[in-house]
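Chemist: pasting a predicted model and its sequence here:
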Amino acid sequence: MNGFVIFGYYGRGNLGDETNLRELVAVIRATNPEAKITVISANPVQTTHRYHVNAVAKVYFVDIAFAIWHADALIGGGGSLFQDKTSLRSLLYYSFLVLLAKLLHKRIMMYGQGIGPIRSRVGRIISCFVLSKVHLITVRDRLSIIALAELGVRQPEIFITAEPLLILKELQQPFINHYWREHQDAKRLRIGLIVQKNGFMQKKFWSQLLECISWDQNIEPYLIPTDLKDLALLADLSASLNITMLPLEEEWEELQKAIGGLDLVVSTRLHGLVAAVVQNISCLGVSVDPKIEGFCLQLGVPFLRPTSKMEWLSAGNRILSFLYQPLTEQKPWGAQVDFWRVRALENQFILKKFIT
């Protein structure tokens, strides 16, 4: 195969998804240096500049059809593409791309996917029909396999792997020290929080939770953005509570430097936890999405499952108690990381086989 069209949540300022695209493009080029790659993006100019690929806007359907027509394969990049939690519209959009490729007799692979949640009846029927038409699926956690089984997807080859970004290398301490040289404080412990608005967890909840954490004079909290959508919330929290917000980085390695200097990461976003695991930093997930829970259950990372009855004080006390536990209790997943890195590498092996 020489021509590839890649689709996913690209061009919207999500650091984890952008890094997954970077690594996916690198694997394709390492396998076939002559490959012609086109990415469907919300910001095609930025995508072309960053990854040196062709890019088409996700709303230009004629250009998309032209690109798929001239390609050999369509690849759905790592992420939770088939879900209707954000909206049914996105699920319908990705389904359209897969059916178009099928109509044009192209090979189709879903790479490092998280499946679900799909709650609507229409979404479940469409997802079952569409995913049964692809040729190969790799999923990053067991909950995604369960979701596929519940949908009734049986036909394509399905492989359980792991989050693709787990294969990235841990950054060494000199790089981390250089990043944190401007944030030398007298407090002993640093907590990084990657938060977002979700359900009852709005600005007021996070403000109260951060105040609870700040009561401990030994702790310095930091707000870490990993998605453009979270910037407004984090900026408001930073200004109102006088808490340092680290910059939103364009490169994954900068996020690793930030997280590498922390004692604990509390994250509502999957790739905040992934970066913490890669850097061997204690982390606590806040399961606002099944993909968080799937990742935590797979690796043994502790997590909170928010409910409407969860109060900021109980959540804050849970975070503080976790921070002060012995190191062996903080990182029960440490012994499993190498195993899951190998499983994550399987994504690339399967992709290379698909290409060749």
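Modeler: Happy to help now that I have it.

Chemist: please identify the buried residues of the longest helix along the chain?
Modeler: Ordering each helix of the chain by length in residues (DSSP state H) puts helix 337-355 first. Applying a neighbour-count criterion of 16 or more other Cβ atoms under 10 Å, one finds 337, 340-341, 343-344, 346-348, 350-351, 354-355 buried in helix 337-355. Placement of C-beta: from N, CA and C, glycine included.

Chemist: I'd say residue 70 and residue 3 touch.
Modeler: Yes. With contact defined as Cβ atoms under 8 Å, residue 70 and residue 3 form a contacting pair (5.9 Å).

Chemist: so residue 176 makes contact with residue 262?
Modeler: No. Shown here, residue 176 and residue 262 do not form a contact pair, counting by Cβ under 8 Å, at 9.6 Å.

Chemist: mind checking which of those two has more residues around it?
Modeler: For residue 176 versus residue 262, the count of surrounding residues by other Cβ atoms under 10 Å is larger for residue 262: 24 against 19.

Chemist: surely the more buried one is in a helix?
Modeler: No. Counting by DSSP: H, G, I helix; E, B strand; the rest coil, residue 262 falls outside a helix, being coil.

Chemist: how close does it get to residue 30?
Modeler: Per Cβ to Cβ, to the nearest Å, residue 262 is found 32 Å from residue 30.

Chemist: could you do residue 21 as well?
Modeler: As defined by Cβ to Cβ, residue 21 lies at a distance of 15 Å from residue 30.

Chemist: same question, residue 253
Modeler: Taking Cβ to Cβ, one finds residue 253 at 19 Å from residue 30.

Chemist: quick one, which of those two is more surrounded?
Modeler: Each of residue 253 and residue 30 had its neighbours counted (other Cβ under 10 Å), and the higher figure belongs to residue 253 (15 against 11).

Chemist: not counting its neighbours along the chain, what's nearest that one?
Modeler: Once flanking residues are discounted, residue 253 sits nearest to residue 171: 6.4 Å by Cβ to Cβ, 6 or more residues apart in numbering.

Chemist: residue 70 and residue 3 - which one has more neighbours?
Modeler: The neighbour comparison of residue 70 against residue 3 (other Cβ under 10 Å) goes to residue 3, with 19 against 12.

Chemist: distance check, the closest residue to that one other than its chain neighbours against residue 52.
Modeler: Distances taken as Cβ to Cβ, 6+ apart put residue 71 closest to residue 3, at 3.8 Å, once the chain neighbours are dropped. Residue 71 sits at a distance of 17 Å from residue 52 (criterion: Cβ to Cβ).

Chemist: these two: which is more packed in?
Modeler: residue 71 (22 against 10).

Chemist: confidence score at residue 115?
Modeler: Looking at residue 115, its pLDDT is 94.

Chemist: that one: neighbouring residues, count only.
Modeler: Summarising burial for residue 115: neighbours were counted as other Cβ under 10 Å, giving 30.

Chemist: so it makes contact with residue 150?
Modeler: No. At 9.4 Å, residue 115 and residue 150 do not qualify as touching, with contact defined as Cβ under 8 Å.

Chemist: quick one: the strands in the stretch 151-300 of the chain?
Modeler: Taking DSSP state E, counting those that start in this stretch, the strands of the stretch 151-300 of the chain run over residues 157-160, 189-194, 219-223, 244-245, 264-267, 283-286.

Chemist: tell me who's in contact with residue 274.
Modeler: Shown in contact with residue 274 (Cβ atoms under 8 Å, 6 or more residues apart in numbering): 16, 163, 165-166, 295.

Chemist: didn't the residue nearest to residue 253 look like it was pressed against residue 260?
Modeler: Yes. Look at residue 171 against residue 260 with Cβ under 8 Å: they come within range, at 5.8 Å.

Chemist: tell me, what's touching these two both at once?
Modeler: Contact criterion Cβ under 8 Å, 6+ apart; residues shared by residue 171 and residue 260: residue 279.

Chemist: how close does residue 77 sit to residue 309?
Modeler: Computed as Cβ to Cβ, the residue 77 to residue 309 distance reads 37 Å.

Chemist: also residue 243?
Modeler: Separation of residue 243 from residue 309 (Cβ to Cβ) stands at 26 Å.

Chemist: who has more neighbours out of those two?
Modeler: A side-by-side neighbour count of residue 243 and residue 309, using other Cβ under 10 Å, places residue 243 first with 19 against 7.

Chemist: go ahead and confirm that one touches residue 207.
Modeler: No. Residue 243 is beyond contact range of residue 207, at 9.9 Å (criterion: Cβ under 8 Å).
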